[in-house]
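Trainee: sequence first, then the predicted structure, then my questions.
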Amino acid sequence: MIETFHGGLIVSCQAYPGEPLRDPRAMAQIAQSAVIGGAVGIRAQGLDDIRMIHESVPLPQIGLWKVGSGGVFITPTLEHALAVIAAGAEIVAIDGTRRPRPDGLSLAETIAAIHEQTGALVMADAGSFDDGMAAQDAGADIVGTTLAGYTGEAPKTVGPDFELVRRLSARLDVPVFAEGRIHTPAQAKAMLEAGAYSVVVGTAITHPATITSWFAEALRG
Ligand SMILES: CC(=O)N[C@H](C=O)[C@@H](O)[C@H](O)[C@H](O)COP(=O)(O)O
């Protein structure tokens with residue numbers, strides 16, 4: 001199934017707490033629009049969104065469950081991961097950093113349990129090169145650069161972290177998915193040239209409040 005992602009665009013369809021589009025129907029409609037535009041996969045957050053997208057969108061889905069916003073917050077425990085898979089995600093994205101996890105399991109123990117108990121693949125959301133290496137050793141099927149610049153370990157690059165994608169792609173055997181702050185088609189293409197197996201874009205496609213602010217600020221500036 002990973003092959004269907006090769007060289008393609010995965011669209012992350014997420015709305016944040018309190019936002020007008022925070023509604024599974026809205027996210028499913030955005031995901032359906034991404035299909036029309038040529039996406040090869042969808043990334044979605046929250047059990048209701050994952051369930052509705054699973055029922056209405058004919059693409060493999062990377063599911064996650066965000067709990068809070070600091071520390072280990074992307075699908076933080078094994079229990080959260082199993083729930084995401086039960087909701088219909090073919091791939092579960094989990095925190096793939098080297099930080100302690102709230103349920104006390106190691107990343108390797110978490111991934112082993114997911115593989116034992118389900119047929120799902122695991123995408124480890126890494127924040128640094130060392131995270132990515134450790135995640136592959138822990139058994140991750142995919143390493144993503146999702147958390148680059150968000151864990152305090154590596155500085156947050158102004159644009160996407162091309163260097164991290166380049167280094168991880170050169171060293172890892174598992175596919176590296178470029179994710180985070182990719183805002184233009186040219187940047188997405190450059191990620192493939194940097195070695196990414198696939199490219200995940202969220203905000204620049206699916207978050208109208210932020211996109212609007214880019215334009216509004218440009219006019220003010
Ligand atoms: C750091 C974090 O919480 N990332 C989240 C992970 O799912 C999402 O909020 C991002 O939108 C997603 O990673 C896609 O990135 P971007 O929206 O920059 O294209």
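Mentor: In hand now; what should we look at? From a predicted model like this one, the values you see are computed outputs, not experimental measurements.

Trainee: let me see the ranges of the strands in this protein.
Mentor: 9-13, 41-45, 61-64, 91-95, 121-125, 142-144, 176-179, 198-201 (DSSP state E).

Trainee: is the ligand within reach of the last one?
Mentor: Yes - with C-beta under 6 Å from any ligand atom as the threshold, strand 198-201 lies in contact with the ligand, specifically through Val200, Val201. C-beta: built from backbone N, CA, C; applies to glycine.

Trainee: show me how far that strand is from its chain's centre.
Mentor: With C-alpha atoms, centre = their mean, to the nearest Å as the basis, strand 198-201 stands 8 Å off its chain's centre.

Trainee: what is that strand packed up against?
Mentor: strand 9-13, strand 176-179, helix 185-193 (3 or more C-beta pairs under 8 Å, 6 or more residues apart in numbering; DSSP states H and E).

Trainee: same question, the fourth one
Mentor: For strand 91-95, the helices and strands in contact under the criterion 3+ C-beta pairs under 8 Å, 6+ apart are strand 61-64, helix 78-86, helix 107-117, strand 121-125.

Trainee: for the residue lying closest to Leu64 once chain neighbours are set aside, give its distance to the ligand.
Mentor: Excluding the flanking residues, the one nearest Leu64 by C-beta to C-beta, 6 or more residues apart in numbering is Ala93, at 4.2 Å. For Ala93, the distance to the ligand equals 7 Å [C-beta to the nearest ligand atom, to the nearest Å].

Trainee: Ala93 contacts Thr146, correct?
Mentor: Yes - here Ala93 lies in contact with Thr146, judged by C-beta atoms under 8 Å, at a distance of 7.2 Å.

Trainee: tell me which of the two has more neighbours.
Mentor: Ala93 (29 against 25; other C-beta atoms under 10 Å).

Trainee: go through the strands of the chain and name the closest to Pro76.
Mentor: The minimum distance between Pro76 and those falls on strand 91-95, with 5.9 Å, by C-beta to C-beta.

Trainee: give me the angle between that closest one and strand 41-45.
Mentor: Put simply, strand 91-95 runs at 50 degrees to strand 41-45, going by axes from the mean of the first three to the mean of the last three C-alpha atoms, to 10 degrees.

Trainee: for strand 91-95, the distance to its chain's centre please.
Mentor: 8 Å.

Trainee: coming back round to it: would you turn the helices and strands packed on strand 91-95 into TSV with mean neighbour count?
Mentor: Shown next, in TSV, are those (neighbours: other C-beta atoms under 10 Å):
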stretch	mean neighbour count
strand 61-64	28
helix 78-86	20
helix 107-117	17
strand 121-125	28
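
Trainee: out of the ones you listed, which is closest to Ala138?
Mentor: helix 107-117 (3.9 Å).
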